[in-house]
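Q: no sequence on this one, just coordinates:
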DNA sequence: CTGAAAGCGCTTACAG
DNA sequence: CTGAAAGCGCTTACAG
């Protein structure tokens, strides 16, 4: 491997000059510059990036922590992050954790070791307290509603969004409403369940734990969900499903009776929801991804709220009260 | 930022000894080792990873080139790659290219600059000739049938797999068979089209370009595909769709007439195909991902063929000849 | 505009 | 078992 010094020797200049040429510094004699450039080409010289990183103290590598990449929710976030990263010529190091805490710590440790300049956490399992210990090592942005810390956040109001969905169903006459969420202990689910409880109280509907279906996230989970609903003694007339994928799977798996009588609202507004005429709450995931990235480069810590909106389609029907 | 030298000074030993402690070398006095460990803890010392990389000449970073991550085909590959990478404590740098050549070159350049130890190419747009120029900089594995070069390959026989699907339909009495593929110029599509042509010739069926539908890859593309088929003057009795996602979208979008009369075979055996009782050709993508990773660490260049198999479900019906 | 020199923070053969 | 020294390959203030 030829190095900068050899190039300098062959070109008859000092290493400093070669470095200046490579980094496009002004004040280099045109003739010398050309000579160096030519030698670089001849010798097929490649700068050692690790030496540059050592010297500069940064790597242009940004870590992204996600549980899975095979779900449109997360792949849209990645899409947005990537689009912005390309503009600044930063690279994305993917930590696909499956919510494994060790993997999450790995990412934080790489930030600490300076192999990553910054970190984006799309979803976490690890405690916030642990994450906060790493803030001193580099900017961290997270897709979660936390405003009291040094974390940079982009987030949506899960409580309000869920309430919007529930109220939409209420306005269409529904009084027996269920909901399906993913991990019960996730911060988003906690907000959603709170919205559901408050909604029931406010509308004087009986709140029942059994009306909350847990661990539904994939398309194929919608099939299982349909089975659960079908075997229910008092099946709901409507259901809020916290992801379009599951909502779509559910819609497609319904028997004829439920197909007529079950109203469904999904979340995220993925393409499949349009294809299936599914009412949904749009979440601007790509823009959130962009924001999560850009916040890393803000001078100050910021918290960015993103609006969601209901897109009414045909999967919510009126019911006579 | 405290460094190794400061730790050495405080501990009253040489930098060499500190380094030995950190790297768990034998032959370090137990007492000194403990002292060093204690100082490291006290000073909250963190080794600079870039210095280590410079010294060692490697980074434990593996690049992965994929066009999109929001498609199960690719996310399964990533899954397999990640599972193996974790075992060797290697990290994955994701290059989500959208088939943009510049992004692909970026990945190759990072290999050249030694920021990546090795590279995995799941799908490419760039020419093979260019890729081959980078082999000297580090191991490269690719998901493609290439045996004549220094590239490490894991691959399936797209020709044979497609033929299997076509013959299955033929055996069920179908004589008017279409197919849907993604990018026409991709190597896999070229093999698939060749299989289709040869099949038509062998069975004395009329081959017609119009029976090959192009650029169908997503679930929602299945909807468009259904429209295309419905407006066809001589609609096929069966279709081979080169991905389960599109096949599922198609199946779900068919009007009642076609629902009765169109047989469908998908590819990959994703969960949705089981949910919808879709006949498919299974592709062991997770294992291929694992192989692509492990081949990087083989001493010699290898080429690994993976078998596919037909899984018969209800989406292929018998037709009377 | 240019070079000599110091330094980024580690590792490792060498000598003891 | 241990330390002094050289070196990995760059960059950059400094002096000219």
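A: Perfect, I can see it now. Here the structure is a predicted model, which is why all the values come from computation and not from measurement.

Q: contacts and neighbour counts: CA atoms only from here.
A: Fine.

Q: now the residue of chain A found nearest chain B, what's its secondary structure?
A: Distances between chain A and chain B by CA to the nearest CA are smallest at residue A:93, namely 4.3 Å. At residue A:93 the chain is in strand, as set by DSSP: H, G, I helix; E, B strand; the rest coil.

Q: Quick check: it touching residue A:64?
A: Yes: between residue A:93 and residue A:64 there is a contact at 6.0 Å, judged by CA atoms under 8 Å.

Q: Between those two, point out the one with more neighbours.
A: With other CA atoms under 10 Å in any protein chain shown as the criterion, residue A:93 and residue A:64 differ in neighbour count, and residue A:64 comes out ahead with 28 against 23.

Q: which bits of the stretch 201-321 of chain A sit near chain B?
A: Proximity of the stretch 201-321 of chain A to chain B (CA under 8 Å from any CA of the partner chain) is limited to residues A:219-220, A:223, A:271-272, A:275.

Q: can you pull the contacts of residue A:174?
A: Residues in contact with residue A:174 (CA atoms under 8 Å, 6 or more residues apart in numbering or on different chains) are A:237-238, A:318-319, A:321.

Q: Turn the buried ones among the residues you listed into a named ChimeraX selection, would you?
A: Of the contacts of residue A:174, the buried ones can be selected in ChimeraX as follows, counting by 16 or more other CA atoms under 10 Å in any protein chain shown:
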select /A:237,238,319
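
Q: Relative to residue A:37, which of the contacts of residue A:174 is nearest.
A: residue A:238 (69.4 Å; CA to CA).

Q: Residue A:288 sits in which helix or strand?
A: Per DSSP states H and E: residue A:288 is located in helix A:285-295.

Q: Go through that helix and flag the buried ones.
A: A:285-293, A:295.

Q: Now render those residues as CSV, adding distance to DNA strand D and pLDDT.
A: Output for the buried residues of helix A:285-295, formatted as CSV (distance: CA to the nearest atom of the strand, whole Å; pLDDT from 0 to 100):
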residue, distance to DNA strand D, pLDDT
A:285, 36, 95
A:286, 34, 93
A:287, 33, 96
A:288, 33, 97
A:289, 30, 96
A:290, 28, 96
A:291, 28, 97
A:292, 28, 97
A:293, 24, 95
A:295, 24, 95
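
Q: low-confidence ranges in chain A?
A: Applying pLDDT under 70 to chain A picks out residues A:1, A:321.

Q: can you give me the strands for chain A?
A: Here chain A has its strands, by DSSP state E, at A:61-66, A:91-96, A:118-121, A:140-142, A:152-156, A:177-180, A:212-213, A:238-241, A:263-268, A:279-282, A:303-306, A:309-311.

Q: can you tell me which of those strands comes nearest to residue B:233?
A: So among the strands of chain A, strand A:279-282 is nearest, using CA to CA, at 34.6 Å.

Q: Can you spell out which helices and strands pack onto that closest one?
A: strand A:263-268, strand A:309-311 (3 or more CA pairs under 8 Å, 6 or more residues apart in numbering or on different chains; DSSP states H and E).

Q: deepest of those, which one?
A: Mean neighbour count (mean count of other CA atoms under 10 Å in any protein chain shown) peaks for strand A:263-268 among these, with a mean of 27.

Q: from the chain's centre, how far out does that strand sit?
A: 20 Å (CA atoms, centre = their mean, to the nearest Å).

Q: go on, stretch A:272-285?
A: 17 Å.

Q: Next, the distance between the ends of that stretch.
A: Stretch A:272-285 has its terminal residues 15 Å apart, counting by CA to CA, to the nearest Å.

Q: Residues touching it, excluding its own?
A: A:73, A:76-77, A:80, A:156, A:161, A:165, A:244-245, A:248, A:264-269, A:306-316, B:219-220, B:223.

Q: Now, of the residues you listed, which are buried?
A: A:73, A:76-77, A:80, A:156, A:161, A:165, A:244-245, A:248, A:264-269, A:308-311, A:313, A:315-316, B:219-220, B:223.

Q: Pull the contacting residues for the closest residue to residue A:176 other than its chain neighbours.
A: Leaving out its chain neighbours, the residue that sits closest to residue A:176 by CA to CA, 6 or more residues apart in numbering or on different chains is residue A:236, at 5.0 Å. Residues in contact with residue A:236 (CA under 8 Å, 6+ apart) are A:176-178, A:229, A:262.

Q: go on, residue A:28?
A: Contacts of residue A:28 by CA under 8 Å, 6+ apart are A:17, A:20-21.

Q: Kindly give a single ChimeraX line that selects the buried subset of these.
A: The following ChimeraX line selects those of the contacts of residue A:28 that are buried, judged by 16+ other CA under 10 Å:
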select /A:17,21
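
Q: Between the contacts of residue A:28, which sits nearest residue A:115?
A: Taking the contacts of residue A:28 together and measuring to residue A:115 by CA to CA, the closest member is residue A:20, at 25.3 Å.

Q: ok, and the closest non-adjacent residue to the closest one?
A: residue A:28 (7.4 Å).

Q: give me the number of residues near the residue in chain A that DNA strand C sits nearest to?
A: Residue nearest to DNA strand C within chain A (CA to the nearest atom of the strand): residue A:27, separated by 2.9 Å. By the measure other CA under 10 Å, the count of residues near residue A:27 is 10.

Q: residues contacting it?
A: Neighbours of residue A:27 in contact, by CA under 8 Å, 6+ apart: none.

Q: Likewise for the one 5 residues further on?
A: Taking CA under 8 Å, 6+ apart, we find residue A:32 in contact with residue A:13.

Q: That one and residue A:109: what is the separation?
A: Residue A:32 is 44 Å from residue A:109, by CA to CA.

Q: ditto for residue A:46
A: 29 Å.

Q: And residue A:56, by the same measure?
A: From residue A:56 to residue A:109 the distance is 20 Å (CA to CA).

Q: out of those two, which sits in the more crowded spot?
A: Between residue A:56 and residue A:109, counted using other CA under 10 Å, the more crowded position is residue A:109 (16 against 10).

Q: quick check: domain ranges of chain A?
A: A:4-47, A:60-157+A:286-306, A:158-284 (automatic domain parsing).

Q: Would you map the helices across the stretch 1-150 of chain A?
A: A:4-11, A:15-22, A:30-43, A:49-56, A:72-87, A:101-112, A:128-132 (DSSP state H, counting those that start in this stretch).

Q: quick one, what contacts residue A:217?
A: Going by CA under 8 Å, 6+ apart, residue A:217 touches A:181-182, A:242-243, A:245-246.

Q: Would you list the phi and psi of it?
A: The phi/psi pair for residue A:217 (degrees, to the nearest 10) reads phi -140, psi -30.

Q: buried stuff in stretch A:53-65?
A: For stretch A:53-65, using 16+ other CA under 10 Å, the buried residues are A:53-54, A:57-65.

Q: Widest-spaced pair of the residues you listed?
A: Within the buried residues of stretch A:53-65, A:54 and A:65 form the most distant pair, 24.5 Å apart (CA to CA).

Q: coming back round to it: nearest to residue B:252 among the helices of the stretch 1-150 of chain A would be which one?
A: For these, distance to residue B:252 was read as CA to CA. The smallest value, 19.3 Å, belongs to helix A:72-87.

Q: Next, the angle strand A:61-66 makes with that closest one.
A: Following axes from the mean of the first three to the mean of the last three CA atoms, to 10 degrees, one obtains 170 degrees for the angle between helix A:72-87 and strand A:61-66.

Q: Helix A:72-87 close to chain B?
A: Yes: for helix A:72-87 and chain B, the contact criterion (CA under 8 Å from any CA) is met by A:72, A:75-76, A:82.
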